[in-house]
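*Asks:* Have a look at this prediction, sequence included:
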Amino acid sequence: KQEVTQIPAALSVPEGENLVLNCSFTDSAIYNLQWFRQDPGKGLTSLLLIQSSQREQTSGRLNASLDKSSGRSTLYIAASQPGDSATYLCAVSSRTGNQFYFGTGTSLTVIP
Amino acid sequence: GAVVSQHPSRVICKSGTSVKIECRSLDFQATTMFWYRQFPKKSLMLMATSNEGSKATYEQGVEKDKFLINHASLTLSTLTVTSAHPEDSSFYICSARAMGGQGDGYTFGSGTRLTVV
């Protein structure tokens, strides 16, 4: 069974700092990987989607990479802002795309 | 982009009553929708996969008689928590997969906070 782990569980950084969130998964046979943001008590907002054939995706200050063979993905946030404070979840879908496995999340706090 | 609407966002009910949560895909058809449950400070756990026009597929350990799922149309799936108890209090989130376009990504509803008193 696919297991998804995120490190660190919590992270606190000063505003303006660049940071990296890590995600690892045990089964490399994935369909795609998706990074989400979740604000307290809210649903999920999709940030970036990487297909299994892709190596990275970028959106604004966010860059996500995927190394399928090693079972790793990173989310890079440049020039962090207090508004970036949230929980970040990565999730991988099975090869058929019909099963979705979430990581444990990284709680990010950006200090003004 | 694809939008999934989930209602209600918050509900408080008495123990023993039933609660229905709706999940709608607003601008796309979703033959398959997914229901997740999230405990405090925990990640999302898939409860069941809702298939339009057929029975839902439940994950191991999820009581299908407790959590009734109906997917009667291509844009609506409902989750009914029957005879709710305090231990059913949780955050429930639905999602649907928008096919094609740039990526077959999953879109999530805004979640429903259920509190059973």
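*Replies:* Thanks, I have it. Residues are numbered from 1 along each chain as shown, chains lettered A, B, ... in the order given.
*Asks:* Skipping its backbone neighbours, what lies nearest residue B:66 in space?
*Replies:* Closest residue to residue B:66 apart from its sequence neighbours, by Cβ to Cβ, 6 or more residues apart in numbering or on different chains: residue B:82 at 5.9 Å. Where C-beta positions appear, they are placed from N, C-alpha and C, glycine not excepted.
*Asks:* which ones are touching the one you found?
*Replies:* B:18, B:65, B:66, B:67, B:68 (Cβ atoms under 8 Å, 6 or more residues apart in numbering or on different chains).
*Asks:* Quick check: bridge partners of the fourth one?
*Replies:* In this structure, residue B:67 has the following beta-bridge partners (DSSP bridges): residue B:81.
*Asks:* cool, and residue A:89?
*Replies:* For residue A:89, the beta-bridge partners are residue A:36 (DSSP bridges).
*Asks:* Determine the number of other residues adjacent to residue A:66.
*Replies:* 25 (other Cβ atoms under 10 Å in any protein chain shown).
*Asks:* How far does the helix or strand of chain B with the lowest mean pLDDT sit from its chain's centre?
*Replies:* When each helix and strand of chain B is scored by mean pLDDT, DSSP states H and E, strand B:106-108 comes last, with a mean of 83. Using Cα atoms, centre = their mean, to the nearest Å, the mean C-alpha position of strand B:106-108 is found 12 Å from that of the whole chain.
*Asks:* got the residues of chain B near chain A?
*Replies:* B:6, B:32, B:34, B:36, B:42-46, B:49, B:91, B:93, B:95, B:97, B:102-111, B:113 (Cβ under 8 Å from any Cβ of the partner chain).
*Asks:* again, only this time at 7 Å
*Replies:* Neighbours of chain A within chain B, by Cβ under 7 Å from any Cβ of the partner chain: B:32, B:34, B:43-44, B:46, B:93, B:103-111, B:113.
*Asks:* circling back to that earlier point, which member of the contacts of residue B:82 is positioned nearest residue A:90?
*Replies:* Using Cβ to Cβ, residue B:67 comes nearest to residue A:90 of the contacts of residue B:82, at 26.0 Å.
*Asks:* For the closest one, give me its contacts.
*Replies:* The contact partners of residue B:67, by Cβ atoms under 7 Å, 6 or more residues apart in numbering or on different chains, come to B:47, B:48, B:79, B:81.
*Asks:* Please apply the same query to residue B:110.
*Replies:* Residue B:110 makes contacts with A:42, A:43, B:6, B:9, as judged by Cβ under 7 Å, 6+ apart.
*Asks:* Of those residues, which pair is most distant in space?
*Replies:* Distance extremes for these: the farthest pair is A:42 and B:6 at 11.0 Å, using Cβ to Cβ.
*Asks:* isn't residue B:27 right up against residue B:4?
*Replies:* No. Between residue B:27 and residue B:4 there is no contact under Cβ atoms under 7 Å: 9.6 Å.
*Asks:* And those two? Which one has more around it.
*Replies:* Between residue B:27 and residue B:4, residue B:4 has the larger neighbour count (other Cβ under 10 Å), namely 26 against 11.
*Asks:* Would you mind measuring from residue B:66 to chain A?
*Replies:* The spacing between residue B:66 and chain A, counted by Cβ to the nearest Cβ, to the nearest Å, is 22 Å.
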